[in-house]
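Asker: pasting the sequence and the predicted coordinates here, then a few questions.
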Amino acid sequence: MEEVTVAVRGISLNVLVSGPADGSPVLLVHGNCSSADFWRPLLRHLPPTLRIVAPDLRGYGRSETAPVDAGRGLRDFADDVAALLDDPALFPGGGPVTVAAHSMGCGVAMQLLVDHPERVSALLLEAPLSPYGFGGTRDLDGTPTTADFAGTGGGGANPDFVRRIAAGDRADDGPTSPLAVLRTAYVADPASLGDDEQLLLDTVLSTAIGDDNYPGDSKPSENWPGIAPGDRGVLNTMAPNHFTIAADLVAVTPKPPITWVRGDKDAIVSDTSFFDLAFLGSIGAVPGWPGADACPPQPMIGQTRAVLDRYAAAGGAYTEVVYENCGHSPHVERPTEVAAELRKLL
């Protein structure tokens with residue numbers, strides 16, 4: 001792939017580009033603690049006739065480390081991506097594009113669709129962030145668990161994992177090392193990483209660390225577990241006080257077809273997520289949990305399905321595809337199958 005630097009909204013983004021200028025346009029949006037290179041396992045299974053554009057989001061990969069205003073939810077990322085769509089060198093045709101996104105990137109893609117519905121012809125959501133954000137909600141309607149959304153945002157990151165990313169730590173000497181997290185949380189079977197393991201680890205370690213980037217700042221809370229989301233940085237963009245897009249997604253017009261792909265062993269986005277402090281409290285991994293009535297785990301899968309059902313009832317269409325014995329990154333673990341789903345959308 002060609003690697004180019006593109007100026008958007010006052011910052012520089014690194015962008016991977018491949019395929020003919022007149023090929024069917026596909027935009028790939030990576031997730032948190034990764035970069036555009038995280039798509040490499042999928043790219044090998046896509047036809048060369050596609051026009052592929054895969055940016056490193058701000059603060060990831062080789063893009064500029066620019067602050068992220070969490071008060072705008074995921075719009076800093078979505079606005080950056082929208083600016084790329086206007087670049088004739090990247091998308092000479094200028095028409096709508098098929099968007100494939102992973103994890104946090106799915107929230108970016110949802111925001112892009114809501115803000116620019118005419119620019120999106122189809123959407124593939126892989127292990128998507130719930131339309132009600134990450135953590136802090138109790139039911140399929142996204143009802144907040146507490147008034148200040150305690151237990152979500154920047155304060156919820158494991159500090160040793162953050163420290164090891166900042167240090168560029170490549171060791172596998174404990175559960176919080178980036179390599180161990182890649183092997184246990186990003187995929188269900190570490191063997192699926194294969195020869196790409198070090199490349200994919202590079203994407204994790206490319207994450208910019210700090211209050212303005214990952215994980216972001218936090219505020220004290222009187223509610224368990226004693227933290228509430230701040231207004232700066234990546235994890236706060238996904239806190240449910242800053243990102244709740246369900247109603248806008250259901251109302252968007254026109255409604256492109258959506259394919260939702262996920263693994264049944266996803267450790268990050270699930271109804272029993274090991275990154276949801278409420279679930280960790282329920283299994284005794286975080287002390288002081290006040291119980292299921294006060295602080296139930298977030299039903300992430302159920303929320304996404306409920307919102308997409310409403311999307312379909314309002315005139316849209318979606319397909320849910322579940323891979324058995326697959327984790328958070330189906331395009332790494334099942335690249336041929338995910339590539340086939342993307343070709344269907346095209």
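Answerer: That came through fine.
Asker: and Leu124, how many neighbours?
Answerer: 28 (other Cβ atoms under 10 Å). Every residue, glycine included, has its C-beta placed from N, CA and C.
Asker: output the below-cut-off pLDDT ranges for this protein.
Answerer: Flagging of the chain using pLDDT under 70 yields an empty set of residue ranges.
Asker: ok, now which ones touch Leu43?
Answerer: 1, 18, 52, 54 (Cβ atoms under 8 Å, 6 or more residues apart in numbering).
Asker: where's it relative to Leu140, distance?
Answerer: Remark: distance between Leu43 and Leu140 (Cβ to Cβ, to the nearest Å) = 35 Å.
Asker: could you do Arg75 as well?
Answerer: Separation of Arg75 from Leu140 (Cβ to Cβ) stands at 25 Å.
Asker: who's more crowded, the two?
Answerer: Per other Cβ under 10 Å, whichever of Arg75 and Leu140 has more neighbours is Arg75, with 21 against 16.
Asker: who's in contact with the more buried one?
Answerer: By Cβ under 8 Å, 6+ apart, the contact list for Arg75 reads 111, 115.
Asker: can you rerun that using 7 Å?
Answerer: Gln111 (Cβ atoms under 7 Å, 6 or more residues apart in numbering).
Asker: how much space between it and Val114?
Answerer: From Arg75 to Val114 the distance is 10 Å (Cβ to Cβ).
Asker: what ranges do the helices span in the chain?
Answerer: Taking DSSP state H to define them, one finds helices in the chain at 40-43, 75-85, 104-115, 159-166, 178-181, 197-205, 234-237, 246-251, 277-282, 300-313, 330-333, 335-345.
Asker: how about the contacts made by Arg183?
Answerer: 190, 193.
Asker: what does Val81 give?
Answerer: By Cβ under 7 Å, 6+ apart, the contact set of Val81 is 29, 55, 108, 112.
Asker: between those, which is closest to Ser35?
Answerer: Here the nearest of those to Ser35, counting by Cβ to Cβ, is Pro55; it sits at 9.1 Å.
Asker: in the sheet, who's paired with the closest one?
Answerer: Val15 (DSSP bridges).
Asker: how many neighbours does it have?
Answerer: Pro55 has 28 neighbouring residues, counting by other Cβ under 10 Å.
Asker: test my guess that it contacts Ala36.
Answerer: Yes - shown here, Pro55 and Ala36 form a contact pair, counting by Cβ atoms under 7 Å, at 6.0 Å.
Asker: returning to what we had before: out of the contacts of Val81, the closest to Ala83 would be?
Answerer: Pro55 (10.0 Å).
Asker: give the contact list for the closest one.
Answerer: 13, 15, 36, 81, 84.
Asker: which outside residues touch stretch 311-327?
Answerer: Against stretch 311-327 from outside (Cβ under 7 Å, 6+ apart): 186-188, 249-250, 255, 257-267, 305, 308, 330, 333-334, 337, 341.
Asker: just stretch 105-120 next, same as before
Answerer: 29-31, 73-75, 77-78, 81-82, 85, 96-97, 99, 101, 123, 125-126, 128-129, 131, 238, 243, 245, 248-249, 252-254, 256.
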